[in-house]
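Undergrad: Have a look at this prediction, sequence included:
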Amino acid sequence: QVQLVESGGGLVQAGGSLRLSCAASDRTFGEYDITWFRQAPGKEREFVTAITWSGSSTYSADSVKGRFTISRDNAKNTVYLQMNSLKPEDTAVYYCAARAPKYGSSWSSQITYAYWGQGTQVTVSS
């Protein structure tokens, strides 16, 4: 059982930056692909960005390409989401999720994720 805990959310002005962290309790963390999702008020949860278990590949939604960067440190059981040039439309609860690396490129398929964090709120003011 992998427990995921997000942190780093908060209130920031448009154009600002935040770095989110997703920390895991289990040493097997390094065996999982990790993805960030977000859910804005009144909207469905959506894919943001993902990183493979080794950190060798990353994938991002078009809406965040060039602004958000995902990385991981398996020695620290942590994945990071660096968010730059934030926009009001980035306001959402951000979740990290983990899954076994057998699902290929279906990063947005939420049913493939076995473990989820509780989420962290990001609010971008205009």
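TA: That came in fine, so what should we check first? Just so it is clear, the structure is predicted and the values come from calculations on it, not from any experiment. Residues are numbered from 1 along each chain as shown.
Undergrad: residues touching the nearest residue to residue 25 once chain neighbours are set aside, list them.
TA: Spatial nearest neighbour of residue 25, excluding adjacent residues (Cβ to Cβ, 6 or more residues apart in numbering): residue 3 at 4.2 Å. Placement of C-beta: from N, CA and C, glycine included. Going by Cβ atoms under 8 Å, 6 or more residues apart in numbering, residue 3 touches 24, 25, 26, 115.
Undergrad: so of those, which ones are in strands?
TA: 24, 115 (DSSP state E).
Undergrad: for the contacts of residue 3, which one is nearest residue 38?
TA: residue 115 (17.0 Å; Cβ to Cβ).
Undergrad: For the closest one, which residues are in contact?
TA: 1, 2, 3, 4, 32, 97, 98, 99.
Undergrad: Please name the bridge partners of it.
TA: residue 98 (DSSP bridges).
Undergrad: okay, which residue is most central for this protein?
TA: residue 36 (2.2 Å; Cα atoms, centre = their mean).
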